[in-house]
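[1] Sequence first, predicted coordinates after that:
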Amino acid sequence: MSVAGPIGVFDSGYGGLTVLRSLVDRLPSYDYLYLGDNARAPYGNRSFSTIHQYTLQAVKWFFKQGCPLVILACNTASAKALRTIQQKDLPRMAPDNRVLGVIRPTAEVVGHQTQSGHVGILATPGTVQSESYVLEMAKFFPKVAVHQQACPLWVPLIEQGEHLGPGSDYFIQKDLKALLEQSPQTDLILLACTHYPLMEQKIREHLPAEKKLLTQGSIVAESLADYLNRHPEMETRLRRGGSVSFFTTDETADFDQKGAVFYGQQVQSTHLPSDELIH
Ligand code: DGL
């Protein structure tokens, strides 16, 4: 019988920490391993093959650490790499392990929260180009119109710690305007990048009061709780120690300082050189 292991949570950088926060709050008894590939972030403007390659390297690393289940807490990686990993890589590499993303669980519920039937998606260029939200939402809510806007500078602003500075107002206003011009009827806006909750307050300030703003953390956590209920064969392979360990491919001091803001609690990380992901 295999030894129980932690749940792996992956993001290109800090964003996945907002999802990890919700997972730990909702499912506190499990052990978690977080990896932020900060040295190679952001992923949002990278090609399909690069995002697939980086994400697959991370998934392999999680498996080596004994994680039977990995959550890609990154919309860009979920959009560009998840399907290939699930369909091609996993059956060859580790058929009993699972890799889950954040787009499908979000798409499954988001349509319930619009009155007008028009939903706005704010995301990285990679997520928008993949059309993953449009395709997934069409399965669950075929009558809901999905309007997308790429926000290429939001992740770099956040990763650089400039997201609350005056420079970010310009880009927030510009991208919100472009989104709402596609359909003024849009009454629900999804922050479809796990970095964006850090700017939630600022985004709110630039939005008409009647527009609803939605973040993904609690949606993903609820979906994982449901998944584990339905999959006892996976649930029993998860270690229950209540611990959370953090790894970053970049500097730990920087990760700990910024990571604490995303995670809402102190963070102490270990450095994992990108080289170790490659081999
Ligand atoms: N948090 C990632 C997401 O949800 C950001 C991707 C990036 O590195 O650009 O898409």
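    Happy to help now that I have it.
[2] Do any residues in stretch 75-94 lie close to the ligand?
    Yes - Stretch 75-94 is in contact with the ligand by CB under 6 Å from any ligand atom, via N75, T76. For the C-beta atoms, the positions are set from N, CA and C on the backbone; glycine is no exception.
[3] Could you list the residues in contact with that stretch?
    10-12, 42-44, 48, 51-52, 54-56, 59-60, 63, 72, 97-104, 123-124, 126-127, 130, 132, 192-194, 216 (CB atoms under 8 Å, 6 or more residues apart in numbering).
[4] now do 7 Å
    10, 12, 43-44, 48, 51-52, 55-56, 59, 63, 72, 97, 99, 101-103, 123-124, 126-127, 130, 132, 192-194 (CB atoms under 7 Å, 6 or more residues apart in numbering).
[5] One more: stretch 183-191?
    Here stretch 183-191 makes contact (CB under 7 Å, 6+ apart) with 106, 110, 113-116, 118-122, 145, 147, 180, 197, 200, 211-215.
[6] what residues does the stretch 51-200 of the chain put near the ligand?
    C74, N75, T76, T124, T127, V155, C193, T194, H195.
[7] What about these, which one has the most neighbours?
    C74 (37 neighbours; other CB atoms under 10 Å).
[8] what residues are up against the residue found closest to that residue once you drop the neighbours it is linked to in the chain?
    Excluding its sequence neighbours, the residue lying closest to C74 (CB to CB, 6 or more residues apart in numbering) is D11, at 4.4 Å. By CB under 7 Å, 6+ apart, the residues touching D11 are G36, A73, C74, T194.
[9] can you put those residues in JSON lines and add distance to S22 and pLDDT?
    Below are the contacts of D11 laid out as JSON lines (distance: CB to CB, whole Å; pLDDT from 0 to 100):
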{"residue": "G36", "distance to S22": "16", "pLDDT": "97"}
{"residue": "A73", "distance to S22": "10", "pLDDT": "98"}
{"residue": "C74", "distance to S22": "14", "pLDDT": "96"}
{"residue": "T194", "distance to S22": "10", "pLDDT": "94"}
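[10] Going by distance to F246, which of the residues you listed wins?
    Using CB to CB, G36 comes nearest to F246 of the contacts of D11, at 7.6 Å.
[11] would you list the residues of the stretch 51-200 of the chain next to the ligand in JSON lines and tack on secondary structure and distance to Q87?
    Putting these into JSON lines (DSSP: H, G, I helix; E, B strand; the rest coil; distance: CB to CB, whole Å) gives the following:
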{"residue": "C74", "secondary structure": "coil", "distance to Q87": "19"}
{"residue": "N75", "secondary structure": "helix", "distance to Q87": "19"}
{"residue": "T76", "secondary structure": "helix", "distance to Q87": "18"}
{"residue": "T124", "secondary structure": "coil", "distance to Q87": "23"}
{"residue": "T127", "secondary structure": "helix", "distance to Q87": "19"}
{"residue": "V155", "secondary structure": "helix", "distance to Q87": "27"}
{"residue": "C193", "secondary structure": "coil", "distance to Q87": "24"}
{"residue": "T194", "secondary structure": "coil", "distance to Q87": "23"}
{"residue": "H195", "secondary structure": "coil", "distance to Q87": "27"}
